[in-house]
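1. Model the structure of this input:
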Amino acid sequence: PAMCELYKKAGFDPRKICGVTSLDIVRANKFVHEATGVPLETVDVPVVGGHAGATILPLFSQVPAAQTLSAEQITALDKHVQDAGTDVVNAKDGKGSATLSMAYAGAKFGNAVLCGLAGIETTECAYVIRSTGEQLPYMASKVTFGQQGVKEAHAFGSMNSYEQERLKECFAQLKEEIDAGIAYASTVELCGVKGSHAMPMIPKPSAPPAYKPASASSNAPGNFKVCVCGGAGGIGQPLCMLMAQNPHVSELCVFDLTLAMVPAAGVAADLSHLERKSKVTGYALDKDDKPVDKLQECLTGCHLVLVPAGMPRKPGMTRADLLGVNAGIAKNIVEACAKFCPDAVLGLIVNPVNSVVPAMCELYKKAGLDPRKICGVTSLDIVRANKFVHELTGVPVDKIDVPVIGGHAGATILPLFSQVPAAASLSPEQITALDKHVQDAGTDVVNAKGGKGSATLSMAYAG
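-> As a prediction, the model looks like this:
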């Protein structure tokens, strides 16, 4: 409300400002799925009101999947949605909030807006300015986004007696918070900014549109158990987020040490709110614990184990120094996998990959296991090579697939641009520069981050 009022005072369209409440819907959908077993793609809970505590009002009565739930279950679900953010903070032991599920929800909102701008009208709940005559000037409800942004904020639709009583509670708190925002806006201005947009006539809300489930894929998704070892780290957290969204993952285990900045259980609690089928569980060990002694439940039945673990290379540290530390970390995890999930594929993202992977494969061979189950994850080299060719040529990225062979460090990274039609127009000088660019891309990211991080996000994407 405060920012919308400032936009109005400055002559801009306040409908351009939206409060992102998608996480409330994401949570409500996931919790209904968990309580009923109904497929997530058929669940769409409208969440109206506001975006804090009692102002969050999920309208479960409008959801066919929730009709089998008792009044007590609905009350508990309502409270669960309201308190979900606090639950994640507590699970992270105060060391973080719902960063991952909020990022997922923000992307969902962003997709709805972008689809609308592209001419595909899309509906998503959001907190926006309302038409005159409604009970409050700002509320969340289903909103249809079109080519100009917000096209229409819809009415709440039918509510049962429980929801009507909750609405009164919601409005009482929400009015105070709206008034506080409007009061703030009355004391400040948007400095030096002036528009010429007359206050638009906001149409009265129509009934909320019917939910249209996404069409099912012709290829049935798998149901696999995946573990991410180092899942609370810089690569591990976004990698876990991507795995939790993967339609082939039905169970995700997040493992890390108790000394991690964020507890593994907190990462798992955060990701458990995503409206995806995966069940997410966290596991943690003390630094002196051995995975082979403690991770039976975590690893048993795993089909894929991803290992973004180990110490990053520090200034003055040789590759031999790094190998001495990280090979031991990798060995402990590989040893546990050999015992509890010997048929799983192990994707190692442990530097130096060029040495760690052969070492672990040799250990598997000595133990009588298949060394082909162990893979060094070099996908980031291909991701970068594809993107760099696209940037130089303008050829669509989905038409480019650069084979990158050799190893995964410096000059051992060899992109075969000669095999890529999109790169045929490039000069020898450009190819040489591209080759160097792929080799040095990791260092470029470290430098761009001022030494405060590495290619955690792109590595998670590639993993």
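
2. Tell me where the chain has strands.
-> 47-49, 56-58, 122-129, 138-146, 149-153, 224-229, 249-257, 279-285, 304-307, 345-348, 374-376, 404-406, 413-415 (DSSP state E).

3. of all those strands, which lies closest to G116?
-> Closest approach to G116 among these (Cβ to Cβ): strand 138-146, 3.1 Å. (Each C-beta comes from the backbone N, C-alpha and C, glycine too.)

4. isn't K204 right up against S131?
-> Yes - using Cβ atoms under 8 Å, K204 makes contact with S131 at a distance of 5.1 Å.

5. Skip the chain neighbours and tell me the closest residue to the residue positioned nearest the centre of the chain.
-> With distances taken as Cα atoms, centre = their mean, the residue of the chain nearest its centroid is Y104 (4.0 Å). Once flanking residues are discounted, Y104 sits nearest to L274: 5.4 Å by Cβ to Cβ, 6 or more residues apart in numbering.

6. which secondary structure elements does the longest helix seen in the chain contact?
-> Using DSSP state H to define each element, the chain has its longest helix at helix 161-185. On a contact count with 3 or more Cβ pairs under 8 Å, 6 or more residues apart in numbering; DSSP states H and E, helix 161-185 meets helix 2-9, strand 47-49, strand 56-58, helix 71-91, strand 138-146.

7. what's the burial count for the residue nearest to P352 when sequence neighbours are not counted?
-> Distances taken as Cβ to Cβ, 6+ apart place R319 nearest to P352, at 5.0 Å, with adjacent residues excluded. Neighbourhood size, R319 [other Cβ atoms under 10 Å]: 14.

8. got it, and A448?
-> 11.

9. where in the stretch 301-450 of the chain is pLDDT low?
-> 313-315 (pLDDT under 70).

10. So which residues of it form helices?
-> 319-340, 353-366, 379-393, 428-448 (DSSP state H, counting those that start in this stretch).

11. Let me know which of these is the nearest to F109.
-> helix 379-393 (25.7 Å).

12. buried residues in the closest one?
-> 379-390, 392-393 (16 or more other Cβ atoms under 10 Å).

13. Pick the one among those residues closest to C361.
-> Distances from C361 to the buried residues of helix 379-393, taken by Cβ to Cβ, are shortest for S379, at 18.3 Å.

14. isn't the closest one right up against G463?
-> Yes - counting by Cβ under 8 Å, a contact exists between S379 and G463, whose distance comes to 6.9 Å.

15. what residue ranges in the stretch 151-300 of the chain are flagged as low confidence?
-> In the stretch 151-300 of the chain (pLDDT under 70), the answer is 193-201, 211-219.

16. one more time with 80, if that's ok
-> For the stretch 151-300 of the chain, applying pLDDT under 80 flags the ranges 191-204, 206-220.

17. Okay, L77 and K16: tell me how far apart.
-> 33 Å (Cβ to Cβ, to the nearest Å).

18. the more surrounded of the two?
-> Taking other Cβ under 10 Å, L77 and K16 do not tie; L77 has more neighbours (21 against 15).

19. Make sure the more buried one is actually in contact with A35.
-> Yes - L77 is in contact with A35 according to Cβ under 8 Å; the separation is 6.6 Å.

20. and for the two, which residues touch both?
-> L69 (Cβ atoms under 8 Å, 6 or more residues apart in numbering).

21. before we move on, back to that, pretty sure the residue nearest to P352 is in contact with S355, am I right?
-> Yes - using Cβ under 8 Å, R319 is in contact with S355, at 7.2 Å.

22. Contact partners for the residue nearest to the centre of the chain?
-> Contacts of Y104 (Cβ under 8 Å, 6+ apart): 23, 26, 241, 245, 274.

23. Provide a ChimeraX selection command restricted to the buried entries of the residues you listed.
-> Remark: buried members of the contacts of Y104, expressed as a ChimeraX selection using 16+ other Cβ under 10 Å:
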select :23,26,241,245,274
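
24. Show me which of the contacts of Y104 is closest to D83.
-> L23 (13.0 Å).

25. Could you report the neighbour count for the closest residue to the closest one other than its chain neighbours?
-> Nearest residue to L23, sequence neighbours excluded (Cβ to Cβ, 6+ apart): A105, at 3.7 Å. The local packing of A105 (other Cβ under 10 Å) involves 23 other residues.

26. Could you measure from A105 over to A140?
-> From A105 to A140 the distance is 13 Å (Cβ to Cβ).

27. now G328
-> Following Cβ to Cβ, the distance that separates G328 from A140 is 51 Å.

28. Mind checking which of these two has more residues around it?
-> Neighbours of G328 and A140, each counted by other Cβ under 10 Å, are more numerous for A140; the result is 30 against 10.
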